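Novice: sequence and predicted structure, then a few things I'm wondering about:
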Amino acid sequence: MASNRLPRALDGLLALAENMADGLRAHEAAVGIKQNTEAGVRADLAAVRVADNDYRTALSANKTLAATQTEADSKGKAFIAAAKGVLVNYLANRWSAAWTATGFPNNSLAVPVTVVERETLLSSLRDYFNANTAHQNVPLNVTAERAGELFSALKSARSEVNVGTKTFGQTKAAIEAAEANLRTRIRGLLAELSQLLDDDDPVWYAFGLNRPADAEAPGVPGNLVLTPGLPGTVHASWAPAPRAARYRVYKKEAADEAYEHAATTIDPEAMIGGLQGGGAVQIQVSAANDAGESQPSDPAEIVAPAAAISAKPAFA
């Protein structure tokens, strides 16, 4: 008996929802759908698309904001290191109470490890150089003005990242809620169809669904293992797939643009020959039955064994 599992990926779910909405447009009245109508499906579908667009926009914006903060922080770290190099001429190269006014934290002259600490130190260095103008180094741009610029840039960037993170969190929650509503809607429609349609009614297909009476396609083979055989030959084995009647093995060598059929077998293993010895080959396996063929397994790769090179005879 075929089942109608909801796709895990959002793209697959949206495609299914579109198909179901189209099916409702053509058959809603005739089938007698009352609860999960075309209008309801399309409304939930539209809500997901809007929420997904907002989520993707927020995600992109967050990446941009994070990059801006990283750049501002990098410039801040470089300034802090340069300022330390200038100040050792006045305050010595070891931590002492004389360094307290500069703002270096934790009784250390190391560049602080957190962004917040570096931002705070830039502010302190600005104030220090304003109070001790003779300790500035204008040719190196180690000045109160430069410290202030870098502090403001980092503070602004960090603030925008915080706002962006909040917005991103809100859009993520919104898309998750909208997707959950759509899944609930689709499950509800599946329940209605199960009550109103016979298991072998072809109208199931109009909704982009399998008929419950249809045979179910097999699962995807897993745990694919490749071992070398004779020259130009590789042995493949894998875990049996549910509902598989046979398996199709595909290979792809370096010169191939796409996977090519290499073997069909009823057993969860196969010997693939005719390979380029010494060259890498990728193998995939799918399961098949009368209902169709599964998606291919994750590929596995091996170097096909090459023929041994005979030693040249020695000459006297």
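Specialist: Cool, the structure landed. All of these numbers come straight from a predicted model, not from anything done at the bench. Numbering: from 1, shown residues only.
Novice: residue boundaries of the strands in this structure?
Specialist: Secondary structure of the chain (DSSP state E): strands at 222-228, 234-239, 246-253, 260-265, 269-272, 280-289, 292-293, 300-303.
Novice: who wins for proximity to residue 96 among these?
Specialist: Residue 96 sits nearest to strand 300-303 of all the strands of the chain, at 59.9 Å, using C-beta to C-beta. For the C-beta atoms, the positions are set from N, CA and C on the backbone; glycine is no exception.
Novice: related to what we said a few turns ago, turn the strands of the chain into JSON lines, columns for mean neighbour count, distance to residue 142 and mean pLDDT.
Specialist: Output for these, formatted as JSON lines (neighbours: other C-beta atoms under 10 Å; distance: least, C-beta to C-beta, whole Å; pLDDT from 0 to 100):
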{"stretch": "strand 222-228", "mean neighbour count": "14", "distance to residue 142": "60", "mean pLDDT": "96"}
{"stretch": "strand 234-239", "mean neighbour count": "19", "distance to residue 142": "63", "mean pLDDT": "96"}
{"stretch": "strand 246-253", "mean neighbour count": "20", "distance to residue 142": "58", "mean pLDDT": "96"}
{"stretch": "strand 260-265", "mean neighbour count": "14", "distance to residue 142": "64", "mean pLDDT": "96"}
{"stretch": "strand 269-272", "mean neighbour count": "17", "distance to residue 142": "66", "mean pLDDT": "96"}
{"stretch": "strand 280-289", "mean neighbour count": "21", "distance to residue 142": "54", "mean pLDDT": "96"}
{"stretch": "strand 292-293", "mean neighbour count": "15", "distance to residue 142": "68", "mean pLDDT": "89"}
{"stretch": "strand 300-303", "mean neighbour count": "15", "distance to residue 142": "54", "mean pLDDT": "96"}
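Novice: now do the helices in this protein.
Specialist: Using DSSP state H, the helices of the chain run over 10-31, 38-91, 115-131, 144-196, 203-206.
Novice: which strands or helices does the second one pack on?
Specialist: Looking back up the chat, that one is helix 38-91. Using 3 or more C-beta pairs under 8 Å, 6 or more residues apart in numbering; DSSP states H and E, the elements in contact with helix 38-91 are helix 10-31, helix 115-131, helix 144-196.
Novice: just those: most buried one?
Specialist: A comparison of the helices and strands packed on helix 38-91 by mean neighbour count, using mean count of other C-beta atoms under 10 Å, puts helix 115-131 on top with a mean of 19.
Novice: what does that helix contact?
Specialist: The set of residues that contact helix 115-131 without belonging to it, under C-beta atoms under 8 Å, 6 or more residues apart in numbering, is 69, 73, 76-77, 79-80, 83, 101-105, 111-112, 135-136, 142-144, 147-148, 150-151, 154-155, 158.
Novice: mind running it again at 6 Å?
Specialist: Contacts with helix 115-131, where a contact means C-beta atoms under 6 Å, 6 or more residues apart in numbering, come from 73, 76, 83, 101-103, 105, 112, 136, 144, 147-148, 150-151, 154-155.
Novice: what's the most distant pair in those?
Specialist: Looking at these by C-beta to C-beta, the two members farthest from one another are 73 and 101, with 23.4 Å of separation.
Novice: looking at the two, which one has more neighbours?
Specialist: Taking other C-beta atoms under 10 Å, residue 73 and residue 101 do not tie; residue 73 has more neighbours (20 against 14).
Novice: gap between the more buried one and residue 166?
Specialist: When distances are taken as C-beta to C-beta, to the nearest Å, residue 73 and residue 166 turn out to be 20 Å apart.
Novice: same thing with residue 239?
Specialist: The gap separating residue 239 from residue 166 is 45 Å, by C-beta to C-beta.
Novice: ok, now residue 34?
Specialist: From residue 34 across to residue 166, the span is 41 Å (C-beta to C-beta).
Novice: find the nearest non-adjacent residue to residue 13, please.
Specialist: With C-beta to C-beta, 6 or more residues apart in numbering as the measure, residue 7 is the residue that lies nearest to residue 13, at 5.0 Å, once sequence neighbours are left out.
Novice: and the one you found, how many neighbours?
Specialist: Considering only other C-beta under 10 Å, residue 7 is surrounded by 14 other residues.
Novice: am I right that it is in contact with residue 17?
Specialist: No. Counting by C-beta atoms under 6 Å, no contact exists between residue 7 and residue 17, whose distance comes to 9.8 Å.
Novice: any stretches of this structure with poor pLDDT?
Specialist: Across the chain, the ranges flagged by pLDDT under 70 are 1, 308-316.
Novice: residue 59: how many residues sit nearby?
Specialist: Other residues near residue 59 come to 13 when the count uses other C-beta under 10 Å.
Novice: tell me which residues touch it, please.
Specialist: Contacts of residue 59 (C-beta under 6 Å, 6+ apart): none.
Novice: mind giving me the domain split of this protein?
Specialist: 1-214, 222-303 (automatic domain parsing).
Novice: got the end-to-end distance for the shortest one?
Specialist: Same thing as domain 222-303. Domain 222-303 has an end-to-end distance of 21 Å (C-alpha to C-alpha, to the nearest Å).
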